[in-house]
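> Sequence and computational prediction follow.
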Amino acid sequence: MPQELRAVEWTGSGLALIDQTLLPQRTELRSVHDVDALVDAIQRLVVRGAPAIGAAGGYGVALALIEGQRKGWSEAEVRAAVARVREARPTAVNLMVCVDRVMTRFEEGLDAVLEEAAAVQREDVAANRAMGAFGADWLLERVGGDRPLRILTHCNTGALATAGWGTALGVVRELHARGRLEVVYADETRPLLQGSRLTAWELVQEGIPHHVQVDGAAAGTILRGEVDAAIVGADRIAANGDTANKVGTVGVALACADAGIPFLVAAPTTTVDLATKTGDDIHIELRAEEEVLEWAGVRTAPAESRGHNPAFDVTPGRLITGLVTERGVLEISAGELPGDRLKQ
Ligand code: MRU
């Protein structure tokens with residue numbers, strides 16, 4: 001991905017988002033100048049990925065202030081608009097964390113709000129770089145030997161899903177930069193194809209060898225011994241290590257456990273929600289049935305069928321070999337729990 005292309009960019013008066021619904025066919029920026037447009041962009045996955053919607057949500061506070069000034073809103077109306085941004089999607093805790101952080105500067109006015117939103121964005125890029133190094137070090141020490149690694153990933157966790165560089169895909173990029181990556185298996189990620197559309201697009205930009213495979217191929221590829229480790233991102237990590245991520249993730253983790261290979265989660269500490277004790281307490285977004293009953297807008301399932309479309313699933317902590325954060329690697333299945341190790 002060219003350095004200047006960023007999923008979330010403040011233009012001075014609004015947000016410019018890379019419209020991720022159009023990739024890889026078209027690379028278009030969507031201008032967002034009001035709260036309704038931002039909520040719509042988050043809900044339709046124009047901007048997506050936990051850290052990226054966190055960054056967009058942070059700037060959403062600025063958008064609400066500017067729109068409020070333009071339309072003569074009361075403070076209560078501005079706060080209500082911010083609350084709508086905060087609740088646009090329920091699972092990724094980064095959205096709530098980043099909005100709340102920027103709101104701590106609300107009383108100081110627009111400049112302070114923008115300063116905080118920019119800090120959120122800057123810190124996310126730095127966290128991703130640190131995770132890349134920690135994750136690559138861990139993999140090379142534990143799995144590496146002398147041969148380059150074969151890594152499986154699910155969904156998209158790259159520059160598009162973050163403020164820049166990527167979490168799990170940041171580790172992949174770091175391995176590639178060190179000349180220690182053989183190939184990436186990118187699960188296509190049904191039903192919205194974040195893997196085949198977005199991860200593959202990013203891997204092409206980076207010149208990283210990869211195969212796109214259907215989600216149903218992942219377990220077989222792992223059990224046949226064609227993968228050295230799997231690494232994924234996260235939308236919310238509970239205090240006991242249970243992790244919500246894109247639907248299909250738990251199947252990858254089960255296959256890794258059976259094959260005896262590492263299953264890593266890479267996420268900044270902003271994704272760890274110590275107030276959520278276990279995965280049972282995580283709100284899993286249920287999306288529209290049409291996303292699974294149709295293909296490119298054409299009905300594929302019988303008219304009588306109902307769809308079931310959870311956007312995420314929860315991987316129990318016992319299946320997670322390591323959680324890579326910007327502070328290092330916690331070996332969760334060996335008992336290093338976020339609730340014990342990441343208290344502020
Ligand atoms: O529905 P999405 O595309 O927002 O889901 C994204 C994921 O599940 C990612 O794996 C997660 O947000 C981590 S992104 C660094």
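Perfect, I can see it now.

> How is the closest residue to G109 other than its chain neighbours assigned, secondary-structure-wise?
Distances taken as C-beta to C-beta, 6 or more residues apart in numbering place L65 nearest to G109, at 7.7 Å, with adjacent residues excluded. To be clear about C-beta, it is placed using only N, CA and C from the backbone, and glycine gets the same treatment. Classification of L65 using DSSP: H, G, I helix; E, B strand; the rest coil returns helix.

> Check the gap between L65 and the ligand for me.
For L65, the distance to the ligand (C-beta to the nearest ligand atom, to the nearest Å) stands at 26 Å.

> Check the contact between that residue and V78; I expect there is one.
Yes: counting by C-beta atoms under 8 Å, V78 is a contact partner of L65 at 6.1 Å.

> Close to the ligand: what parts of the stretch 1-150 of the chain are there?
For the stretch 1-150 of the chain, the contact set with the ligand under C-beta under 6 Å from any ligand atom comprises L45, R48, G49, A50, P51, A92.

> go again using 8 Å as the cut-off
Selection of the stretch 1-150 of the chain residues close to the ligand by C-beta under 8 Å from any ligand atom yields L45, R48, G49, A50, P51, A52, I53, R89, A92, N94.

> Repeat that for the stretch 151-300 of the chain.
Contact residues, the stretch 151-300 of the chain versus the ligand (C-beta under 8 Å from any ligand atom): 154-158, 161-162, 166-169, 189, 192, 194, 232-235, 245-246, 249, 266-267, 271, 285.

> Could you list which of the residues you listed belong to helices?
A168, L169, T249 (DSSP state H).

> Of those, which is the most crowded?
Highest neighbour count within these: L169, with 34 neighbours (other C-beta atoms under 10 Å).

> Nearest spatial neighbour of that residue, chain-adjacent residues omitted?
G158 is the one closest to L169 (C-beta to C-beta, 6+ apart), at 3.7 Å.

> my guess is that neighbour meets G166, correct?
Yes: if you go by C-beta under 8 Å, G158 and G166 touch, sitting 3.8 Å apart.

> Overlap of the contact sets of the two?
R173, E202 (C-beta atoms under 8 Å, 6 or more residues apart in numbering).

> where does V82 fall, helix, sheet strand or coil?
From three-state DSSP, the assignment for V82 is helix.

> residues near it, how many?
25.

> For it, give me its contacts.
V35, G60, V61, A64, V99, M103, F106.

> As CSV, the residues you listed with neighbour count and pLDDT would be great.
As requested, the contacts of V82 are arranged in CSV below (neighbours: other C-beta atoms under 10 Å; pLDDT from 0 to 100):
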residue, neighbour count, pLDDT
V35, 22, 98
G60, 30, 98
V61, 29, 98
A64, 27, 98
V99, 26, 98
M103, 18, 98
F106, 18, 98
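
> would you list every one of the strands in the stretch 101-250 of the chain?
For the stretch 101-250 of the chain, applying DSSP state E, counting those that start in this stretch gives strands covering 149-153, 181-187, 210-213, 229-232, 236-238, 243-246.
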